[in-house]
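>>> A predicted structure for the sequence below; I have some questions about it.
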Amino acid sequence: MKVKRIVTNIATREIEKAKLFYIDILGMNILMDHGWIATYGSEEEMNVQISFANEGGSGTVVPDLSIEVDEVDTAFKLMKEHHFTIEYELTNEPWGVRRFYVRDPFGKLVNILTHI
């Protein structure tokens, strides 16, 4: 047996609040919408991963989600322009990523990153 996909489910009564953060800023697409559940994603081919950590690196807390983007500086700028709460400033980390932490509309701590 092999794992083919991992899906993150976030409980909310206000599904539409995800649009600005995940579609308009991060550029994801709606893959499925049944009204009671909306699945956002990308057609990019990705590796299946799940991480377990006792910290988020550089002494930060462990984020709920990590999303790799191609333009982290643009994502950071747009998150600030739309007044999303930045919890860890844009930083070049010693392990080769440039990242920041932001709270999504549901209070989830999201690590937005790119490899440098």
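Cool, the structure landed. Worth saying up front: this structure is predicted, and the values here are computed from it rather than measured. Numbering: from 1, shown residues only.
>>> List the contacts of the nearest residue to Gly56 once chain neighbours are set aside.
Distance criterion C-beta to C-beta, 6 or more residues apart in numbering; nearest residue to Gly56, sequence neighbours excluded, is Val62 at 4.9 Å. Placement of C-beta: from N, CA and C, glycine included. With contact set as C-beta atoms under 8 Å, 6 or more residues apart in numbering, Val62 has these partners: 53-56.
>>> hmm, which two among those residues are most spread apart?
For the contacts of Val62, the farthest-apart pair by C-beta to C-beta is Asn54 and Gly56; their separation is 9.3 Å.
>>> the strands in this structure, which residues?
Assigned strands in the chain, in chain order: 29-33, 38-41, 65-68, 86-92, 97-103, 109-115 (criterion: DSSP state E).
>>> So what are the sheet partners of the fifth one and their directions?
Think strand 97-103. strand 86-92 (antiparallel), strand 109-115 (antiparallel) (DSSP bridges).
>>> now the first one
In the sheet, strand 29-33 lines up against strand 38-41 (antiparallel) (DSSP bridges).
>>> And the helices in the protein?
With DSSP state H as the criterion, the chain has helices at 18, 72-81.
>>> thinking again about what came up before, any chance of the strands paired with strand 97-103 in CSV, plus mean neighbour count?
Supplementary listing: the strands paired with strand 97-103 in CSV, determined by neighbours: other C-beta atoms under 10 Å:
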stretch, mean neighbour count
strand 86-92, 14
strand 109-115, 19
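>>> which stretch among those comes nearest Val72?
strand 109-115 (4.1 Å).
>>> From the contacts of Val62, list the buried ones, please.
Burial by neighbour count, 16 or more other C-beta atoms under 10 Å: within the contacts of Val62 this picks out Gly56.
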